[in-house]
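Quick check, what structure comes out for this input:
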Amino acid sequence: MDVDETALPAQPAAQEGILRRQSLRESAARTYARSLPIVPVRARGLTIEGADGRRYLDCLSGAGTLALGHNHPVVLEAIRKVLDSGAPLHVLDLATPVKDAFTTELFATLPRRLAENARIQFCGPAGTDAVEAAIKLVRTATGRSGLLAFTGAYHGMTAGALDASGGATEARVTRLPFPQNYRCPFGTGGERGAELAARWTESLLDDPKGGVPAPAGLILEPVQGEGGVIPAPDVWMRRMREITATRSIPLIADEVQTGVGRTGAFWAVEHSGIVPDVMVMSKAIGGSLPLAVIVYHSDLDIWQPGAHAGTFRGNQLAMAAGAATLAYVREHRLAERAATLGARMLGRLQGLAATHSCIGDVRGRGLMIGVELVDPDTDDHRATAPPPAPALAAAVQQECLRRGLIVELGGRHAGVVRLLPPLTLTDEQAAAVLDRFADALAAAEGSPHRRNAIGQSH
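Numbering: from 1, shown residues only. So this is what the prediction gives:
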């Protein structure tokens, strides 16, 4: 769906002024603003319009937040209904009809065996706080402190979440190998690589001299997002559930980015059929507004009142928008739609890879897609895959932006171009996205940026 034709007139000078003031006033930690120098003023569905009058197809979707795209009518109507009702907008963790409706709708989407014995904790408004709550929960319930996490993981930016993420600089969390096909840590990939990763985990836990005491929990992403869009094999997921269950280790599934239909199932753990002890949720559950929760088995619910609190746990507008989003995704079977359309897009991208040697791998699940760009001319015969080409990926991102397409980068070396379009994406829009990406790739591949990418990869 395009932006309304009554959009504001183009104001290039105003846009430049806003961008200049942002660079002078905002923190050096700003991220997206650096690679996406646009000033959004209107948006609808897949489309954003900047202050300069240009229109963009948004395949970032708020880093996966916008399951229904920008300003979907059901979301706007849910927000207006709360505003017009006179209901309080700030309620701490008090019970409200809006909160009750959201919780009821959320529980209706959960794996049945979890929903039957579940409790929910409303957290601060960001997913990272929900990760902190999950870690605190399992430590309280088990009386243990250690945590198991995976290479390449991303769980947020607060202290505990960063400790569990792949970029941690201190070893307070035990790191396990995450199975990959393209860059398998064991050099095998496939089912064999996944089996070796599981065996490593099992051996480490059972080795009395392994240096890893019984942990409070194990946290994983069913599809690593920031790590490079790497789906966990279903067989490996089931092994992780078996390994943790037999050793009484709570399993935490971080569904912040994978949830609400993104991967072709309502929750990504459903692909493997496992039921985790804790699920961490944020992003899409708020219908574009800040909301984060954990849902967990009632056996873990032993912490004291106030053990995890926060002033902004009762975001009524987000709960209303979230309930509307959850219901729309469920009623319109958008998870199934994501599976079908995502497979079609992956197929076309894999076809593109056949004619572009700089595409090392195309992977993903549903509408969570990654294209890893590499230097195909490496002479390192010991490597199982060519080295990543982050400068080329950055050039592709900028060429996409010039063509009106917003994409994100990820992966260990920021060499993976990521596509996270809304679940409402039409066939025509999907074709337009892939056409623009193909044009951008060809332009970047033939530019000096590619030579820079090669130089930086060695």
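
From here on, just use CA atoms for contacts and neighbour counts.
OK.

What number of residues are in the vicinity of residue 179?
28 (other Cα atoms under 10 Å).

which residues touch it?
If you count contacts by Cα atoms under 8 Å, 6 or more residues apart in numbering, residue 179 has them with 185, 189, 193, 194, 197, 232, 233.

Compare those and tell me which has the most neighbours.
Busiest of those [other Cα under 10 Å] is residue 194, holding 27 neighbours.

show me what contacts that one?
Here residue 194 is in contact with 179, 180, 233, 235, 236 (criterion: Cα under 8 Å, 6+ apart).

three-state assignment of it?
Taken by DSSP: H, G, I helix; E, B strand; the rest coil, the conformation at residue 194 corresponds to helix.

Tell me the spacing between it and residue 125.
35 Å (Cα to Cα, to the nearest Å).

do residue 61 as well
Applying Cα to Cα to residue 61 and residue 125 gives a distance of 18 Å.

out of the two, which sits in the more crowded spot?
For residue 61 versus residue 125, the count of surrounding residues by other Cα under 10 Å is larger for residue 61: 26 against 23.

was I right about that one contacting residue 424?
No - counting by Cα atoms under 8 Å, residue 61 stays clear of residue 424, with 11.4 Å between them.

beta partners for residue 118?
residue 297 (DSSP bridges).

ditto for the one 4 residues further on
Residue 122 has these beta-bridge partners by DSSP bridges: residue 293.

give me every residue that touches the spatially most central residue of the chain.
Centroid-nearest residue in the chain, with Cα atoms, centre = their mean: residue 257, separated by 2.8 Å. Residue 257 makes contacts with 63, 64, 65, 225, 281, 282, 283, 284, as judged by Cα under 8 Å, 6+ apart.

Hmm, the fifth one is touching residue 268, no?
So the one you mean is residue 281. No - the criterion here is Cα under 8 Å, and residue 281 misses it with residue 268 at 11.5 Å.

Need the three-state assignment for the residue nearest to the centre of the chain.
coil.

Which pLDDT value belongs to it?
With respect to pLDDT, residue 257 has a value of 97.

likewise residue 174?
88.

what's the answer for residue 14, then?
82.

So it is in contact with residue 51, correct?
Yes - between residue 14 and residue 51 there is a contact under Cα under 8 Å: 7.2 Å.

Between those two, point out the one with more neighbours.
residue 51 (23 against 13).

That one reaches residue 19, doesn't it?
No - the criterion here is Cα under 8 Å, and residue 51 misses it with residue 19 at 10.6 Å.

shared neighbours, the two?
38, 39.

Next, the buried residues of stretch 352-370.
352-353, 356, 358-370 (16 or more other Cα atoms under 10 Å).

what does stretch 288-305 give?
Quick answer for stretch 288-305 (16+ other Cα under 10 Å): 288-298, 300-301.

so where does residue 160 fall, helix or strand?
helix 159-163 (DSSP states H and E).

Tell me which other helices or strands that helix touches.
Applying 3 or more Cα pairs under 8 Å, 6 or more residues apart in numbering; DSSP states H and E, one finds that helix 159-163 contacts helix 127-142.

Just the CA trace of the helix it packs on, in CSV.
This file holds the C-alpha atoms of helix 127-142, laid out as CSV (Å, rounded to 0.1, in the frame of the first residue of the first chain):
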residue,chain,number,x,y,z
GLY,A,127,13.0,-6.6,24.4
THR,A,128,16.3,-6.3,26.3
ASP,A,129,14.5,-5.8,29.6
ALA,A,130,12.5,-9.0,28.9
VAL,A,131,15.7,-10.9,28.4
GLU,A,132,17.0,-9.5,31.7
ALA,A,133,13.7,-10.7,33.3
ALA,A,134,14.1,-14.1,31.8
ILE,A,135,17.6,-14.5,33.1
LYS,A,136,16.6,-13.2,36.5
LEU,A,137,13.7,-15.6,36.6
VAL,A,138,15.7,-18.8,35.9
ARG,A,139,18.4,-17.8,38.3
THR,A,140,15.8,-17.3,41.0
ALA,A,141,14.0,-20.5,40.3
THR,A,142,17.1,-22.7,40.1
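
worst-scoring helix or strand of the protein, pLDDT-wise?
helix 448-456 (a mean of 51; mean pLDDT, DSSP states H and E).

unless I'm mixing things up, residue 15 is touching residue 52, no?
Yes - Residue 15 is within contact range of residue 52, at 6.2 Å (criterion: Cα under 8 Å).

Give the residues shared as contacts by these two.
With Cα under 8 Å, 6+ apart, residue 15 and residue 52 have common neighbours residue 39.

got the contact list for the residue lying closest to residue 223 once chain neighbours are set aside?
Spatial nearest neighbour of residue 223, excluding adjacent residues (Cα to Cα, 6 or more residues apart in numbering): residue 231 at 4.1 Å. Counting by Cα under 8 Å, 6+ apart, residue 231 touches 222, 223, 224, 363, 364, 365.

please redo it, this time with the cut-off set to 10 Å
Residue 231 makes contact with 178-181, 221-225, 263, 268, 363-365, 368-369 under the criterion Cα atoms under 10 Å, 6 or more residues apart in numbering.

Could you give the average pLDDT over the helix or strand residue 295 falls within?
Element membership for residue 295 (DSSP H and E) is strand 293-297. Strand 293-297 comes out with an average pLDDT of 97.

Much appreciated, bye for now.
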